[in-house]
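1. I'll drop the sequence and a predicted model, then ask my questions.
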There are 2 protein chains.
Amino acid sequence: MKTIKVIKIGGNIIDNEEALAAFIKEFASLSGPKVLVHGGGKLATKLAKQMDIPVQMHEGRRITNVDTLDIITMVYAGKINKNIVAQLQANNCNAIGFSGADGNTIITEKRPAKTIDYGFVGDVKKVNTNTLEVLLNNNLTPVFCAITHDENGQLLNTNADTIASELAIAFASNYETELYYCFEKNGVLKDVNLDDSVIEHIDNNTYKTLIENGTIYEGMLPKLNNCFHAINHKVKKVCIGKSQMLFHTTTKHTTITK
Amino acid sequence: MKTIKVIKIGGNIIDNEEALAAFIKEFASLSGPKVLVHGGGKLATKLAKQMDIPVQMHEGRRITNVDTLDIITMVYAGKINKNIVAQLQANNCNAIGFSGADGNTIITEKRPAKTIDYGFVGDVKKVNTNTLEVLLNNNLTPVFCAITHDENGQLLNTNADTIASELAIAFASNYETELYYCFEKNGVLKDVNLDDSVIEHIDNNTYKTLIENGTIYEGMLPKLNNCFHAINHKVKKVCIGKSQMLFHTTTKHTTITK
């Protein structure tokens, strides 16, 4: 089986022009099939402010009304995605931008409103990798933004970490799949204030303990849930840390194992 | 040789939700390989106003400064492109959105500033259909917005009519290519005020006469130049009229011939 890398980058890279340029240069040079998934960074919030559209949040998650969905679609699928694709092309990486609607790759369903109505947010129902595999076999590199669709014409906002893990799981049928979450920290930290206190390995058992003793909380919880979802569904390797872990093998990071 | 249809739609369809839904339904049902190219409509101008960014025009053409390029990228490649793709998917047409940066399909160069500096506007240098043909062979339908790139990381705004004709010319090496320009009129009119006065055939000779006697002027000139550019470069069939011409053979329209 061929190996594929699914790599997710977030706001710390997207919002910083120099960091993004440096990342893109190194990402372009990675050999073998690869897929990039990008979050949205702060641009959508900035644009909403410029347009006087209030941003509603609930426990750190955006509530996506019609206006917000438009903004997210414009910023994620438009500005960010196309600029990343153009920069990858400039680095001789034949990139091709994707939302989940393109090629019917990621089908989601609108999250039902319970106590909180998150609005136009989609939970993943199905991932189709056929078209992606055709492109990968032709040496193209898919670049995903965090927009999906419901097959009935509705675009939906979907968490980029979730998209990365679901893509990785779908690829795991035909590839040895590696999933990398790049963020602003060196990995999962024992002490959130000590950037050096990286926990180098976490498995399902130690994960439970780390939640119980309060080491892992808040924003790290959904991210790690995505990691374990992947590693428990045939993804071979899941790593979390700074993007340098991809390019320099000595960079400390957290590896997730079963 | 297989036949391919390259179809361009403009503001009269994009800006009208019902017209767009009706068009998409019929477009989805067209058999055989096809490519859709869409313009931008009025949304970009509306967004620029909302964001207090002045729109500069010169002879009906937009001057694209950095802010305008951002807006165009968001609206064309983001909102419009992804909504069209999602709606095509809802009609069982496996669409995939493209800018010229995606798959390195359309390479342009920034137009040199002469008397007028049009800003970030790209003139077509090269069209690569390899990736598009792979997708078409897999029953996918490319949907192009009017954004291109220069291979050095710069996105550029490019006229959608031009993109349609250049794509058609590039496909003409491997396909019997048909190019359709859908707009708000029934075709080229003898009398601009009489919607029924369609000129059904124009060839290179009659074109010259129609320019000389003032029948064709202003906005129709660049559109028809694109038509003749295509028909003079191996495109088999070029038509201009209302989108109904695609679906109902009795609909009057203008056919361009050598």
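-> Yep, that arrived. All figures in this text were calculated on a predicted structure; none of them were measured in a lab.
2. which stretches in the stretch 151-258 of chain A count as helices?
-> A:160-171, A:204-212, A:220-231, A:244-247 (DSSP state H, counting those that start in this stretch).
3. near chain B, anything from the first one?
-> Spelled out, it's helix A:160-171. No: on the criterion C-beta under 8 Å from any C-beta of the partner chain, helix A:160-171 is out of touch with chain B, staying 14.7 Å away. (C-beta placed from N, C-alpha, C; glycine too.)
4. what helices or strands is that helix leaning on?
-> Packed against helix A:160-171 by the contact rule (3 or more C-beta pairs under 8 Å, 6 or more residues apart in numbering or on different chains; DSSP states H and E) you find strand A:2-9, strand A:34-38, strand A:106-110, strand A:122-127, strand A:141-144, strand A:175-182, helix A:220-231.
5. can you list the residues of the stretch 1-150 of chain A near chain B?
-> Residues of the stretch 1-150 of chain A lying close to chain B by C-beta under 8 Å from any C-beta are A:47, A:50-51, A:70, A:73-79, A:81-83, A:85-87, A:89-90, A:94-99, A:101-104, A:130-131, A:134-135, A:138, A:140, A:147, A:149.
6. which among those count as buried?
-> A:47, A:70, A:73-79, A:81-83, A:85-87, A:89-90, A:94-99, A:101-104, A:131, A:134-135, A:140, A:147, A:149 (16 or more other C-beta atoms under 10 Å in any protein chain shown).
7. let's see which of those end up in helices.
-> In helices, defined here by DSSP state H, the members of those are A:47, A:70, A:81-83, A:85-87, A:89-90, A:131, A:134-135.
8. identify the farthest-apart pair in the residues you listed.
-> A:Leu47 and A:Val134 (34.1 Å; C-beta to C-beta).
9. on that earlier part again, now mean neighbour count and mean pLDDT too, for the helices and strands packed on helix A:160-171, in TSV please.
-> Listed next are the helices and strands packed on helix A:160-171 as TSV, based on neighbours: other C-beta atoms under 10 Å in any protein chain shown; pLDDT from 0 to 100:
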stretch	mean neighbour count	mean pLDDT
strand A:2-9	22	98
strand A:34-38	25	98
strand A:106-110	22	98
strand A:122-127	18	97
strand A:141-144	24	98
strand A:175-182	24	98
helix A:220-231	20	95
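10. those: which one's closest to B:Thr64?
-> Minimum separation from B:Thr64 across the helices and strands packed on helix A:160-171 (C-beta to C-beta) falls at strand A:141-144, 23.5 Å.
11. residues touching A:Asp39, list them.
-> Quick fix: residue A:39 is Gly, not Asp. Applying C-beta atoms under 8 Å, 6 or more residues apart in numbering or on different chains, we find A:Gly39 in contact with A:8-11, A:14, A:146, A:160-161.
12. where's it relative to chain B, distance?
-> Distance of A:Gly39 to chain B, given as C-beta to the nearest C-beta, to the nearest Å: 15 Å.
13. tell me the spacing between the nearest residue to A:Lys234 once chain neighbours are set aside and A:His38.
-> Of all residues not flanking A:Lys234 in the chain, A:Ala172 sits nearest, at 3.9 Å (C-beta to C-beta, 6 or more residues apart in numbering or on different chains). Look at A:Ala172 and A:His38: by C-beta to C-beta, to the nearest Å, they are 21 Å apart.
14. taking the stretch 51-200 of chain A, what residue is nearest to chain B?
-> Closest contact between the stretch 51-200 of chain A and chain B, by C-beta to the nearest C-beta, is at A:Gly78 (2.5 Å).
15. okay, that residue: pLDDT?
-> Among the per-residue scores, A:Gly78 shows a pLDDT of 98.
16. can I assume it is in contact with B:Tyr76?
-> Yes: A:Gly78 is within contact range of B:Tyr76, at 7.4 Å (criterion: C-beta atoms under 8 Å).
17. pull the residues that contact stretch A:40-55.
-> A:10-11, A:14-15, A:62, A:67-68, A:71-72, A:74-76, A:79-80, A:145-146, A:160, B:47, B:50-51, B:74.
18. helix, strand or coil for A:Glu26?
-> Here A:Glu26 is helix, with the state taken from DSSP: H, G, I helix; E, B strand; the rest coil.
19. burial of it, as a residue count?
-> 14 (other C-beta atoms under 10 Å in any protein chain shown).
20. need the contact list for it.
-> Taking C-beta under 8 Å, 6+ apart, one finds A:243, A:246-247 in contact with A:Glu26.
21. got the residues you listed as JSON lines, with neighbour count, distance to chain B and pLDDT columns?
-> What follows is the contacts of A:Glu26, written out as JSON lines (neighbours: other C-beta atoms under 10 Å in any protein chain shown; distance: C-beta to the nearest C-beta, whole Å; pLDDT from 0 to 100):
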{"residue": "A:Ser243", "neighbour count": "25", "distance to chain B": "19", "pLDDT": "97"}
{"residue": "A:Leu246", "neighbour count": "21", "distance to chain B": "21", "pLDDT": "96"}
{"residue": "A:Phe247", "neighbour count": "14", "distance to chain B": "20", "pLDDT": "95"}
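22. which of the residues you listed sits closest to B:Thr108?
-> A:Ser243 (30.7 Å).
23. hang on, the closest one packs against A:Gly10?
-> No: contact status for A:Ser243 versus A:Gly10: not in contact, 9.7 Å apart, counting by C-beta under 8 Å.
24. what do these two both touch?
-> Applying C-beta under 8 Å, 6+ apart, one finds that A:Ser243 and A:Gly10 are jointly contacted by A:Cys182.
25. leaving out sequence neighbours, find the closest residue to A:Leu189.
-> Sequence neighbours aside, A:Ser197 is the residue nearest to A:Leu189 in space, at 4.9 Å (criterion: C-beta to C-beta, 6+ apart).
26. got the contact list for the one you found?
-> A:189-191.
27. now the buried members of those residues.
-> A:Leu189.
28. any chance of the contacts of A:Ser197 in a markdown table, with pLDDT and distance to A:Cys239 too?
-> Shown next, in a markdown table, are the contacts of A:Ser197 (pLDDT from 0 to 100; distance: C-beta to C-beta, whole Å):
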| residue | pLDDT | distance to A:Cys239 |
| --- | --- | --- |
| A:Leu189 | 95 | 15 |
| A:Lys190 | 94 | 17 |
| A:Asp191 | 92 | 20 |
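29. so which of the contacts of A:Ser197 are in strands?
-> In strands, judged by DSSP state E, none of those are found.
30. return the member of the contacts of A:Ser197 nearest to B:Ala230.
-> Of the contacts of A:Ser197, the one sitting nearest to B:Ala230 (C-beta to C-beta) turns out to be A:Leu189, at 59.9 Å.
31. what bridges to the closest one?
-> A:Val198 (DSSP bridges).
32. surely it touches A:Val198?
-> Yes: in this structure, A:Leu189 is within contact of A:Val198 by C-beta under 8 Å, at 6.3 Å.
33. count the neighbours of A:Phe120 for me.
-> A:Phe120 has 22 neighbouring residues, counting by other C-beta under 10 Å.
34. what's the straight distance from one end of stretch A:87-106 to the other?
-> End-to-end distance of stretch A:87-106: 24 Å, with C-alpha to C-alpha, to the nearest Å as the criterion.
35. chain center to it, what's the gap?
-> 14 Å (C-alpha atoms, centre = their mean, to the nearest Å).
36. over to stretch A:210-220?
-> Put simply, stretch A:210-220 sits 21 Å off its chain's centre (C-alpha atoms, centre = their mean).
37. stretch A:47-54 now?
-> What separates the centre of stretch A:47-54 from the centre of its chain is 25 Å, taken as C-alpha atoms, centre = their mean.
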